[in-house]
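**Q** Task: produce atomic coordinates for the following.
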Amino acid sequence: MSNHVRPARRRQRGFILTLYPLMMLFIIMPIVGLAIDAGILYMIKGKLQVAVDGAALGAARSLNQSTVLASQEPLAGATGIRYYHANFPNNWMGVTPVNDPTVSWANSSTSTAVVDITGTVIAPTWFMRILGFNSVTMTATGEAVRRNVNVMFVIDRSQSLSDEGNCPTLKTDAQAFVNSFVEGRDKLGMVTFGTSYNYDFAFNTTFHSTLTTDLSNLACTGFTNAAAGFSTGFTQLKNLNDQFSLNVIVFFTDGEPNTMTFGVGGTSPLPVLSTSGCNPKTGISGVIAGDAAAYYNAWGGVFNWTNGGIPVSSDFNVVSTPSGCSFSGNSLGSGNSAAFQNDIQQLPSTDAFGNSLNTTWAGGTNGSFPYSVSLTGNWYYLQNLENAGINTLDNAAQNARVAAAAAGIPYVVYTIGLDPSVYGSVNQELLRRIANDKLSAVYQSTYTAGKFYYVPSAGQLSQAFANIASDILRLAR
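**A** Predicted coordinates:
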């Protein structure tokens, strides 16, 4: 019995030894080879997709290379092609040649530009050649949407910038920021504020030359009428009524707000004392300030609320007042002996823009907010006026958020605080609140999160502007 089994087993072993090479040649090796080829092709496809995605984003962000609308897309497309080749170089994984991708532009609406970049490569195979497949053609498309942006620049041009020697740096770095945006598509506007405030550059799609020229003529003087500057800037931004573009305020300051505006259009004028010599006693319109900083220790009296624009020859233009006012012709002084206390009965509860002087918005109470303010009695104390200026700016930012949401416009705020090296400091929590920064103690998730940039010295200001420009363009994609 056993002698019959052994030859059968020998024959089975012989059959297996004969079958194994055939299986290796025709089954196992092709399967392994196909798996290797599939893995390589998967890598090539992924690399191609990364290349077209990067090219599309690069093209969309490069529309500012030309001020001529007709040449923006060709130049930006050429940039996208360079990005493509940088991400997918010739002969990578044996792919050669790597031809230029195709670039196409389309406007999906009046407020967006859409770029599609399609790349095609012929990927070589290795093991699949056994089956007669020497190469595989692969195609991938990347798309980027670049939303237009409306940027309102709200710039502090107060005296401290000049005293610290930072005014020239501000002008140069702000000009570079302006040039980050695309003429013919984006719109830029600018409001500046010192003691007065002014809508210096009306929203326009042509701004590289004209707005940078305005900035070069900027003169830094006066107090810090921040709430009026912010409210004016937002009003102009909201008036565009653009629900498709990204609407942005970039707010720059180097100190504490200390100034308020009253009586614009008859709104919240300063009431006159019955014992004052001012006649008639119908209320006074203008700007009033008190700077409690140790270096300045100065108050500013009733000034015009606007100026003639940039350049500012004087930021202390005494308002045309009724006759007999004690502050007429001389509204500057120091300490707490303000001449206008003999004329003005008290401070209204809101400024001319409806921003509260002594309260904060719902949910906004935290730490020092709202700052303590008396609207009667010794309302003219310097610290009292500075606190009112802080509260009005805080409320101006919140009122703008609410109004933007009600109008359905995409809206975000960036703030920059340049710390003076000698005179005082910036209120960092106030600037976080204005931006609705996520690090603010009262961050509101209901509204778009902005960002506050603290700048400890003027040498770092350019980086803050560059970071904001980059973030705006990221949000615009």
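
**Q** going forward, measure contacts between C-alpha atoms and count neighbours the same way
**A** OK.

**Q** ranges for the strands of the stretch 301-450 of the chain?
**A** 332-334, 411-418 (DSSP state E, counting those that start in this stretch).

**Q** For burial, what's the neighbour tally of residue 355?
**A** For residue 355, the count of nearby residues is 27 (other CA atoms under 10 Å).

**Q** For the remainder of this discussion, apply numbering that starts at 56.
**A** All right, first residue 56 from here; so that's residue 410.

**Q** Who are the contact partners of it?
**A** Going by CA atoms under 8 Å, 6 or more residues apart in numbering, residue 410 touches 282, 446-448, 450-451, 454.

**Q** Which of these ranks first by neighbour count?
**A** In terms of neighbours by other CA under 10 Å, the contacts of residue 410 top out with residue 447 at 34 neighbours.

**Q** Can you name the residues bridging to residue 158?
**A** residue 172 (DSSP bridges).

**Q** isn't it right up against residue 169?
**A** No: in this structure residue 158 lies outside contact range of residue 169 using CA atoms under 8 Å: 10.6 Å.

**Q** quick one, which of these two is more surrounded?
**A** Shown here are residue 158 and residue 169; by other CA under 10 Å, residue 158 has more neighbours (24 against 19).

**Q** Next, the contact list for that one, please.
**A** Residue 158 neighbours (CA under 8 Å, 6+ apart): 132, 170-173.

**Q** please redo it, this time with the cut-off set to 7 Å
**A** Residue 158 makes contact with 132, 171-173 under the criterion CA atoms under 7 Å, 6 or more residues apart in numbering.

**Q** I'd like the next helix or strand past the lowest-mean-pLDDT helix or strand in the chain.
**A** Among the helices and strands of the chain, helix 57-78 carries the lowest confidence by mean pLDDT, DSSP states H and E, at a mean of 51. Scanning forward in sequence from helix 57-78 by DSSP states H and E, the next helix or strand is helix 84-115.

**Q** what helices or strands is the helix or strand just after that next one leaning on?
**A** Heading C-terminal from helix 84-115, the first helix or strand you meet, by DSSP H and E, is helix 124-142. Applying 3 or more CA pairs under 7 Å, 6 or more residues apart in numbering; DSSP states H and E, one finds that helix 124-142 contacts helix 84-115.

**Q** Buried residues of the helix it packs on, list them for me.
**A** Using 16 or more other CA atoms under 10 Å as the test for burial, helix 84-115 gives 85, 88-89, 91-92, 95-96, 99-100, 102-115.

**Q** can you check stretch 143-163 too?
**A** Across stretch 143-163, burial judged by 16+ other CA under 10 Å covers 143-144, 150, 153, 155-156, 158, 160.

**Q** quick one: average pLDDT of it?
**A** The pLDDT scores in stretch 143-163 average 90.

**Q** Let's see that stretch as CSV, backbone CA atoms only.
**A** Presented in CSV, the C-alpha positions along stretch 143-163 are these (Å, rounded to 0.1, in the frame of the first residue of the first chain):
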residue,chain,number,x,y,z
PHE,A,143,5.2,69.4,-10.7
PRO,A,144,8.7,69.7,-12.2
ASN,A,145,9.7,68.0,-15.4
ASN,A,146,10.7,64.3,-15.2
TRP,A,147,9.2,63.9,-11.7
MET,A,148,8.6,60.1,-11.4
GLY,A,149,9.6,59.8,-15.1
VAL,A,150,6.9,62.1,-16.3
THR,A,151,8.2,64.1,-19.3
PRO,A,152,7.5,66.5,-20.8
VAL,A,153,5.4,68.4,-18.4
ASN,A,154,3.5,70.9,-20.6
ASP,A,155,2.0,74.1,-19.5
PRO,A,156,-1.5,73.8,-18.1
THR,A,157,-4.5,75.6,-19.6
VAL,A,158,-5.8,78.7,-17.8
SER,A,159,-9.3,80.0,-18.1
TRP,A,160,-11.1,82.9,-16.3
ALA,A,161,-14.7,83.5,-15.8
ASN,A,162,-16.7,86.0,-13.8
SER,A,163,-19.4,84.2,-11.8
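
**Q** Run the chain-centre distance for it.
**A** Centroid separation between stretch 143-163 and its chain, computed with CA atoms, centre = their mean, to the nearest Å, is 33 Å.

**Q** now swap in stretch 493-500 and tell me
**A** That offset, for stretch 493-500, works out to 17 Å (CA atoms, centre = their mean).

**Q** which regions of the stretch 306-455 of the chain sit below the pLDDT cut-off?
**A** In the predicted model of the stretch 306-455 of the chain, residues 359, 368-369, 372-377, 383-391 satisfy pLDDT under 70.
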